[in-house]
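Trainee: 3D model of this:
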Amino acid sequence: TQQLRPKYVGRFARRVYRPEPDDPVLDFYLPTSFKAGSDVTTLNAPRPQIRLIDTEFRESRVEIIEVANRKAVTVIEVASPSNKMPGSASRKSYLEKRQEIMRSPIHWVEIDLLRGKTILERPVYARLLAHDYCVHVSTVEQRPKGRIWTIRLEDRLPVVGIPLRAPDEDVPLDLQAVLATTYDRAGYDLTIDYTRDPKPPLSKAQAAWAKKRLPKRRRKS
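Mentor: Numbers count the residues shown, from 1 in each chain. Predicted coordinates:
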């Protein structure tokens with residue numbers, strides 16, 4: 001917001017959805033059992049008979065608002081694990097929101113910092129240079145075309161131009177700086193166990209690259 005003011009401000013908005021009892025997202029966020037004598041939560045098959053509450057999920061996004069008319073100019077979505085889960089209500093809700101924005105005079109930005117299947121469905125995206133993360137920016141003026149940043153684990157996260165209302169220039173969003181600030185402020189170095197193999201697993205080359213960058217006390221023995 002400090003970069004956007006005085007003409008624009010950033011605000012949080014939410015998507016709300018209710019999954020069905022057999023939705024795969026429930027086993028991701030609401031495990032159904034606890035392994036005796038262990039601190040590891042297990043994800044078993046869905047057991048809808050014990051899920052009697054009407055579970056409501058809320059996922060946040062950032063909207064850039066033009067102060068003069070209080071209208072949204074740009075929507076920024078950051079992919080969650082459930083957004084990329086085939087057959088989930090979260091995935092359906094996410095895609096519906098994307099289509100809604102794509103048919104409107106609002107810019108769309110999606111940031112996918114989760115390794116695994118890309119959040120972009122079209123086969124052409126799978127043929128892009130091998131990447132672990134991606135950023136997709138769809139501006140009103142460029143549609144149906146858009147801009148895509150493909151990012152490998154070893155790369156520094158890019159500075160992405162966040163579009164505003166023409167003729168205003170894009171606002172730079174330094175994703176690496178955002179990630180580093182969030183990591184430090186939340187104390188993730190105290191809670192992430194770097195002795196465990198990540199999921200999905202790294203390639204041999206990536207594992208070797210990561211091992212060199214981890215403090216010796218946090219490397220896998």
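Trainee: sec struct for the closest residue to residue 160 other than its chain neighbours, please.
Mentor: For residue 160, ignoring the flanking residues on the chain, the nearest one in space by CB to CB, 6 or more residues apart in numbering is residue 173 at 4.9 Å. Bear in mind the C-beta positions are built from the backbone N, C-alpha and C, glycine included. Secondary structure assignment for residue 173 (DSSP: H, G, I helix; E, B strand; the rest coil): strand.
Trainee: my guess is residue 173 contacts residue 164. True?
Mentor: No - because the distance of 11.9 Å does not satisfy CB atoms under 8 Å, residue 173 is recorded as not touching residue 164.
Trainee: give me the neighbour count for the residue nearest to residue 160.
Mentor: For residue 173, the neighbour count with other CB atoms under 10 Å is 19.
Trainee: that one: what's it in contact with?
Mentor: Taking CB atoms under 8 Å, 6 or more residues apart in numbering, we find residue 173 in contact with 159-162.
Trainee: cool, residue 205 as well?
Mentor: Contacts for residue 205 (CB under 8 Å, 6+ apart) come out as none.
Trainee: my guess is it is in a strand, correct?
Mentor: No - counting by three-state DSSP, residue 205 falls outside a strand, being helix.
Trainee: distance of it relative to residue 130?
Mentor: For residue 205, the distance to residue 130 equals 11 Å [CB to CB, to the nearest Å].
Trainee: what does residue 7 give?
Mentor: Counting by CB to CB - residue 7 and residue 130 are separated by 39 Å.
Trainee: between the two, tell me which one has more neighbours.
Mentor: Neighbour totals were compared for residue 7 and residue 130, and residue 7 leads with 12 against 8 (other CB under 10 Å).
Trainee: quick one, phi psi at that one?
Mentor: Main-chain dihedrals, residue 7, degrees, to the nearest 10: phi -80, psi -30.
Trainee: show the pLDDT at the nearest residue to it once chain neighbours are set aside.
Mentor: Here the nearest residue to residue 7 in space, its sequence neighbours aside, is residue 67; by CB to CB, 6+ apart that works out to 6.0 Å. Here, the pLDDT recorded for residue 67 equals 96.
Trainee: now swap in residue 34 and tell me
Mentor: At residue 34, the model reports a pLDDT of 43.
Trainee: please apply the same query to the one 10 residues further on.
Mentor: The model reports residue 44 with a pLDDT of 54.
Trainee: same check, this time on residue 144
Mentor: Looking at residue 144, its pLDDT stands at 87.
Trainee: burial count for it?
Mentor: 6.
Trainee: cool, residue 25 as well?
Mentor: 22.
Trainee: hang on, it packs against residue 80?
Mentor: No - counting by CB under 8 Å, residue 25 does not reach residue 80; the two are 9.5 Å apart.
Trainee: mutual contacts of these two, please.
Mentor: Counting by CB under 8 Å, 6+ apart, the common neighbours of residue 25 and residue 80 are residue 90.
Trainee: got the contact list for the residue nearest the centre of the chain?
Mentor: With distances taken as CA atoms, centre = their mean, the residue of the chain nearest its centroid is residue 79 (2.1 Å). The neighbourhood of residue 79, defined by CB under 8 Å, 6+ apart, consists of 110-114, 119.
Trainee: which of these count as buried?
Mentor: Buried members of these, counted by 16 or more other CB atoms under 10 Å: 110-112, 114, 119.
Trainee: out of those, who's nearest residue 55?
Mentor: The closest of these to residue 55 turns out to be residue 114 (CB to CB; 22.1 Å).
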